[in-house]
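[1] just to be clear, the model below is a prediction. Sequence and coordinates:
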Amino acid sequence: VRLAEAIDGALLLMGDRLRRVAIERIGDFTDVSVTADRVRLEQVIINLLQNASDALDGHEAPRIELRVEQRGKWVHLAIADNGPGLPDDKRDHVFTPFVTSKRDGLGLGLAIALDIARDFGGELTHDDASGGGATFTLRLRKA
């Protein structure tokens, strides 16, 4: 799957929900292909974008960065927001089913996204973003 096409598809499906958010692409997206199923990859990207967008509610300068790095046989897609970051009591459990910091959330999105990433032979991790916010990094094999 061409990564740029999956990202473009996810952004298109997100539509107006990202209208107020500055989206910045960092890295070379053009000729990067990964081992994945496009629909399921878009599902993971949509989940990460939706979580980032939710974290930015009320932020006066909302921004999401999409960073791509190629490292050997791996491609890393990092999705970082400049929101408040994850609450301390949730950081170690973000991928645990039914754990959520959202008032109306089910706590299944990140658990499902992690399972999909692993089905592709990859991984999904979380780090605090430098300067605040959260960063989720999807690591997939190059195709």
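    Yep, that arrived.
[2] Three-state assignment for the residue nearest the centre of the chain, please.
    For the chain, the residue nearest the mean C-alpha position is residue 48 (3.3 Å; Cα atoms, centre = their mean). Put simply, residue 48 is helix when judged by DSSP: H, G, I helix; E, B strand; the rest coil.
[3] I'd assumed residue 29 was in contact with residue 3.
    Yes: counting by Cβ atoms under 8 Å, residue 3 touches residue 29, with 6.2 Å between them. Backbone N, C-alpha and C define where each C-beta goes, glycine included.
[4] the two: which is more packed in?
    residue 3 (26 against 17; other Cβ atoms under 10 Å).
[5] dump the residue contacts of the nearest residue to the more buried one once chain neighbours are set aside.
    With sequence-adjacent residues excluded and distances taken as Cβ to Cβ, 6 or more residues apart in numbering, residue 3 is closest to residue 32, at 4.5 Å. By Cβ atoms under 8 Å, 6 or more residues apart in numbering, the contact list for residue 32 reads 2, 3, 4, 68, 70, 75, 142.
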